[in-house]
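how does the following fold in three dimensions:
(2 chains)
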2 protein chains.
Amino acid sequence: MDSPREDALADPEYRQAVVDLLGALAYAELSAFTQLVADSEEAPNHGLKARVCRLAVAEFGQYEDLVAGIRDLGADPDEAMAPFTRSIDDFHARTSATTWLEGLVKAYVGEGIAGDFYREVAAYVDPSTRALVHRAVDDDAQSDLVLEVVGNAIEADPRVAGRLALWGRRLVGEALSQAQHVAVERDGLASLLVGGVHGAGADLAELGRMFTRLTDAHTERMTRLGLSA
Amino acid sequence: MDSPREDALADPEYRQAVVDLLGALAYAELSAFTQLVADSEEAPNHGLKARVCRLAVAEFGQYEDLVAGIRDLGADPDEAMAPFTRSIDDFHARTSATTWLEGLVKAYVGEGIAGDFYREVAAYVDPSTRALVHRAVDDDAQSDLVLEVVGNAIEADPRVAGRLALWGRRLVGEALSQAQHVAVERDGLASLLVGGVHGAGADLAELGRMFTRLTDAHTERMTRLGLSA
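Coordinates of the predicted model:
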């Protein structure tokens, strides 16, 4: 007897939607990896540089897990990532950090919103795919580092807070617009979200509520950072 | 009873020389990591990009092992790396690759020479330190990738070979001059090489022969790559 996951994946439309989800997330993790390593070059000392690199290496591990998940579905990882590279590259190009603190805030804000977004999408997939997605977007260690470093910087010079809050507002706009692009880039992923596949998706009203939830969670994260959203 | 390594490390001059050796190598690995990740951005496809990132992540693991080794000696990793950051940063600044293939050849040539150099220095230290150094400079997987990709590129367009051979000649000059800088940067490391510590070092004539060996090994590596040195 096939497992429930095997049953679901027998539907080619559902299988493609899962491949899309894992492909988008894999490319997001790979980009987060290279971006964090580039940001680490701006670290004020080797200790912090190494901590950022360590977080980056963890992202690469998550990328590798997702690639393995794509292969398990019989799909090609390169082809799975291809539809999403442009919107994710565009996001990074449009939000190029100019300081070490901006880079950290970008990682925190960007991956916070991406994490929430992919967890939302994963609500409509089989438990095993969902678990893979949840593992891939776990970034507690990164949040801890950013909260510590940015908190210290604001304490040392409160004027930093205003500039970073402004930066955060720019990031959230770009991140939400990127999430929207990723969601509509492929029929499969969009239909996952709006109930076209597997009968479990959200309707359009739910989609609107999802974006509200993403924004609310972002506001909470900025508050935790000591910044106004 | 103390182990032979403990005995040797009881000599503060020897201990400092070992800390210098591990510090220089740790910073070299950390720089190789960030450099490879930056190079990966130029890869022609995701498959190759991911392979380069995977090699970079392995370098980071080697960096972490060396940092643990420095801590085991009761030293601070940041302080251990500090004397060597300028010459290693200078090497990378003076040999900034402008194409994907140049980046690969640089990684192959640079880490080949660095590996030989650190293995030479490690000939004069205790077996446990030596084993740590040998593990850190192992880069077979990287050589395999470079040989494959550069070999294919030369096969597709033989004119590539001339340009890359020229690039290799520039790299070897910079790499040997960097090795010399690192060797003389600190009394401890220099005295390891010229027999001032622990009675097992080389004399100055041996040092000259070492540079000859480094150059010969480089020539062999270039030949394996299909390039004239």
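
and chain A, which residues reach chain B?
Near chain B, the residues belonging to chain A are A:27, A:30, A:33-34, A:37-38, A:40-41, A:45-47, A:49-50, A:53-54, A:56-57, A:60, A:63-64, A:67, A:77-78, A:81-82, A:85 when assessed by Cβ under 8 Å from any Cβ of the partner chain. All C-beta atoms are positioned from the backbone trio N, CA, C, and that covers glycine.

restricted to strands, list those residues.
When the residues of chain A next to chain B are checked against strands (DSSP state E), there are no matches.

now list the buried members of those.
Applying 16 or more other Cβ atoms under 10 Å in any protein chain shown to those, the neighbour count classes A:27, A:30, A:33-34, A:37-38, A:40, A:46, A:49-50, A:53-54, A:56-57, A:60, A:63-64, A:67, A:77-78, A:81, A:85 as buried.

what residues does stretch A:86-105 touch?
Residues from elsewhere that reach stretch A:86-105 (Cβ atoms under 8 Å, 6 or more residues apart in numbering or on different chains): A:24, A:27-28, A:31, A:35, A:39, A:42-44, A:52, A:106, A:110, A:145-146, A:149-150, A:153, A:160, A:164, A:167-168, A:170-171, A:174-175, A:178, A:181-182, A:185, A:225, A:227.

mind giving me the ChimeraX command for buried ones among the residues you listed?
ChimeraX command restricting the contacts of stretch A:86-105 to the buried ones, with burial defined by 16+ other Cβ under 10 Å:
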select /A:24,27,28,31,35,39,42,43,52,106,110,145,146,149,150,153,160,164,167,168,171,174,175,178,182,185,225,227
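
which ones among the contacts of stretch A:86-105 are found in strands?
With strands taken from DSSP E, there is no overlap with the contacts of stretch A:86-105.

which SSE is immediately downstream of the helix or strand where residue A:116 lies?
Taking DSSP states H and E as the criterion, residue A:116 maps to helix A:100-122. Per DSSP H and E, the first helix or strand lying C-terminal to helix A:100-122 is helix A:127-136.

so what's the residue in chain A that chain B sits nearest to up against?
Residue nearest to chain B within chain A: residue A:37 (4.2 Å; Cβ to the nearest Cβ). The contact partners of residue A:37, by Cβ under 8 Å, 6+ apart, come to A:52, A:53, A:56, B:33, B:34, B:37, B:38, B:56.

ditto for residue A:40
Remark: with contacts taken as Cβ under 8 Å, 6+ apart, residue A:40 is in contact with A:48, A:49, A:50, A:52, A:53, A:56, B:34.

please repeat the previous calculation with a cut-off of 6 Å.
Contacts for residue A:40 were tallied using Cβ atoms under 6 Å, 6 or more residues apart in numbering or on different chains; they are A:49, A:52, A:53.

for it, which non-adjacent residue is spatially closest?
Leaving aside its sequence neighbours, residue A:40 sits nearest to residue A:52 (Cβ to Cβ, 6 or more residues apart in numbering or on different chains; 3.9 Å).

average pLDDT for stretch A:19-33?
Stretch A:19-33 shows a mean pLDDT of 94 in the predicted model.

I'd like the distance between residue A:102 and residue A:116.
In this structure, residue A:102 and residue A:116 are 21 Å apart, going by Cβ to Cβ, to the nearest Å.

just for chain A, where's the confidence low?
Along chain A, segments meeting pLDDT under 70 span A:1-4, A:188, A:193-204.

okay, angle between the top helix by length along chain A and helix B:12-40 too, please.
If you go by DSSP state H, chain A has its longest helix at helix A:12-40. Counting by axes from the mean of the first three to the mean of the last three Cα atoms, to 10 degrees, helix A:12-40 lies at 130 degrees to helix B:12-40.

now find how far off-centre helix A:12-40 is within its chain.
Relative to its chain's centre, helix A:12-40 lies at 8 Å (Cα atoms, centre = their mean, to the nearest Å).

now do stretch A:107-121
4 Å.

need the contact partners of that stretch.
A:21, A:25, A:28, A:133, A:137, A:139, A:146, A:168, A:171, A:175, A:179, A:210, A:214, A:217-218, A:221.

if you set the cut-off to 7 Å instead, what comes out?
With contact meaning Cβ atoms under 7 Å, 6 or more residues apart in numbering or on different chains, stretch A:107-121 is reached by A:21, A:25, A:28, A:32, A:36, A:39, A:133-134, A:137, A:139, A:142-143, A:146, A:168, A:171-172, A:175-176, A:179, A:192-193, A:210, A:214, A:217-218, A:221, A:225.

for PyMOL, what selects the buried ones among these?
In PyMOL syntax, the buried subset of the contacts of stretch A:107-121 is picked out as below (16+ other Cβ under 10 Å):
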select buried, chain A and resi 21+25+28+32+36+39+133+137+139+142+143+146+168+171+172+175+176+179+192+193+210+214+217+218+221+225
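
okay, angle between the helix or strand hosting residue A:69 and helix A:100-122 too, please.
Using DSSP H and E, residue A:69 sits within helix A:46-72. Per the same axes, to 10 degrees, the angle that helix A:46-72 makes with helix A:100-122 is 20 degrees.

SS state for the closest residue to residue A:184 other than its chain neighbours?
Take residue A:184 and drop its neighbours on the chain: the residue closest to it by Cβ to Cβ, 6+ apart is residue A:190, 5.2 Å away. Here residue A:190 is recorded as helix under DSSP: H, G, I helix; E, B strand; the rest coil.

residue A:190: how many residues sit nearby?
Per other Cβ atoms under 10 Å in any protein chain shown, the neighbour tally for residue A:190 reads 18.

quick check, it in contact with residue A:181.
No. If you go by Cβ atoms under 7 Å, residue A:190 and residue A:181 don't touch, sitting 10.9 Å apart.
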